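1. sharing a sequence plus its predicted fold:
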Amino acid sequence: MTMMARQPRLDHGSSTSCHVRACAEGGRTPGPSRPGARHRLVLVAAALVRLCGARRAPVYHGAAALALALALGAAAALADASRMVVEDWSSQPADKRGIPDGWKGQSWGSPKYDFAIQQDEGARVLHLKSAGDSSNINKEVKIDLKEYPILEWRWKVTALPAGADLRKKETDDEAAQLYVVFPRFPAAVRSQIIGYVWDTTAPVGLISKSTKTGTVTYVVVRSGTADLGRWITERRNVWDDYRRIYGSDPDEPVGGISLGIDSDDTKSRAESFFGPITFLKRSP
């Protein structure tokens, strides 16, 4: 299947596939080796609270509270500056079904949008199901990859479309799809879309043009049943992936993010979940 943000239905011309080993920028996020800026600010504020508390004067208690508030505010600002959150589902209505708030549906096919906001392992997530259909949602964003080149997301797949393989037009189904869209005019033929997918059969690391449209290039991040039922955090350097695929630096910001699930070609079923989706600054 294919998708786009803010664009008409995609053309379905033939395209060739290329087999290139992709380099992810890690899997799960490693823990910090030393206290970060936020942690140091909180430690300073806590020290002020202890100092002022020892003097047992209301004015000092007020000053300590103010210092703590300022420190936490500065820490939050630092944390916000290091990331651009596309979606974390926390503001979505509980048990909402269909297209989530702030997202739009696709303009082609017959999507069922069997989606639901649910709690899973203590966090609010998007639950996607597909039974012989292809459903995609998209959200408009504006992300400067020069500043935020790293895409991080969490996902879980619990059912793969039987016999699917993105390398063949007749079996191009995936249980979980995350697309990064670089809109260009005319959108249907010039937009550039990188699709990070969990395929049933195609090998991890494969980079392959879609067999249905020339605007989409797949990157196989996960494949097969080995990690079914487990939440996994992924990180990709989109700047590097773009250069690897298109042979140049991106000259436009990311204009959209799309999520999808697909089982229409194989006439089977699929099921997956998405957690937070965030763009991060490059690690120092």
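-> Done, it's in. Residues are numbered from 1 along each chain as shown.

2. so where do the helices sit in the stretch 151-284 of the chain?
-> Per DSSP state H, counting those that start in this stretch, the stretch 151-284 of the chain carries helices over the ranges 187-190, 238-246.

3. off-centre distance for the first one?
-> In terms of C-alpha atoms, centre = their mean, to the nearest Å, the centre of helix 187-190 is found 23 Å from the chain centre.

4. okay, buried residues for it please.
-> 187, 188 (16 or more other C-beta atoms under 10 Å). C-beta here means a position set from N, CA and C on the backbone, and glycine is covered the same way.

5. avg pLDDT for that helix?
-> Averaged across helix 187-190, pLDDT comes to 79.

6. dump stretch 228-242 to CSV, restricted to CA.
-> What follows is stretch 228-242 as a C-alpha-only set of coordinates in CSV (Å, rounded to 0.1, in the frame of the first residue of the first chain):
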residue,chain,number,x,y,z
LEU,A,228,5.8,-10.1,18.0
GLY,A,229,3.9,-8.9,21.1
ARG,A,230,6.8,-6.8,22.4
TRP,A,231,7.0,-3.0,22.6
ILE,A,232,10.1,-1.8,20.8
THR,A,233,11.6,1.6,20.7
GLU,A,234,13.1,2.5,17.3
ARG,A,235,15.5,5.3,16.3
ARG,A,236,16.3,6.3,12.7
ASN,A,237,18.5,9.2,11.4
VAL,A,238,16.1,10.4,8.8
TRP,A,239,18.6,12.9,7.4
ASP,A,240,21.0,10.0,6.7
ASP,A,241,18.3,7.8,5.3
TYR,A,242,17.2,10.5,3.0
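
7. ok, back up a step: looking at the helices of the stretch 151-284 of the chain, which is nearest to residue 125?
-> Nearest to residue 125 among the helices of the stretch 151-284 of the chain is helix 238-246 (22.2 Å), distances taken as C-beta to C-beta.

8. now the closest one: buried residues?
-> Of all the residues in helix 238-246, those buried under the rule 16+ other C-beta under 10 Å are 238, 239, 240, 241, 242, 244, 245.

9. give me the pLDDT for the first one.
-> Think residue 238. Confidence per residue is given as pLDDT, and for residue 238 that number is 98.

10. any idea how far it lies from residue 248?
-> From residue 238 over to residue 248 the distance is 14 Å, taken as C-beta to C-beta, to the nearest Å.

11. what's the neighbour count on residue 133?
-> Burial measure for residue 133: 20 neighbouring residues, criterion other C-beta atoms under 10 Å.

12. isn't it up against residue 108?
-> No: contact criterion C-beta atoms under 8 Å: residue 133 and residue 108 do not qualify, at 12.0 Å.

13. next up, the contacts around residue 90.
-> Remark: with contacts taken as C-beta atoms under 8 Å, 6 or more residues apart in numbering, residue 90 is in contact with residue 124.

14. and residue 95, how far from residue 197?
-> Look at residue 95 and residue 197: by C-beta to C-beta, they are 28 Å apart.

15. more crowded one of the two?
-> A count of neighbours by other C-beta under 10 Å puts residue 197 above the other of residue 95 and residue 197, at 26 against 9.

16. the more buried one bridge partners, please.
-> When bridges are taken as DSSP bridges, the partners of residue 197 come out as residue 177, residue 220.

17. what sits against it?
-> Taking C-beta under 8 Å, 6+ apart as the criterion, residue 197 is in contact with 166, 174, 176, 177, 178, 218, 219, 220, 221.
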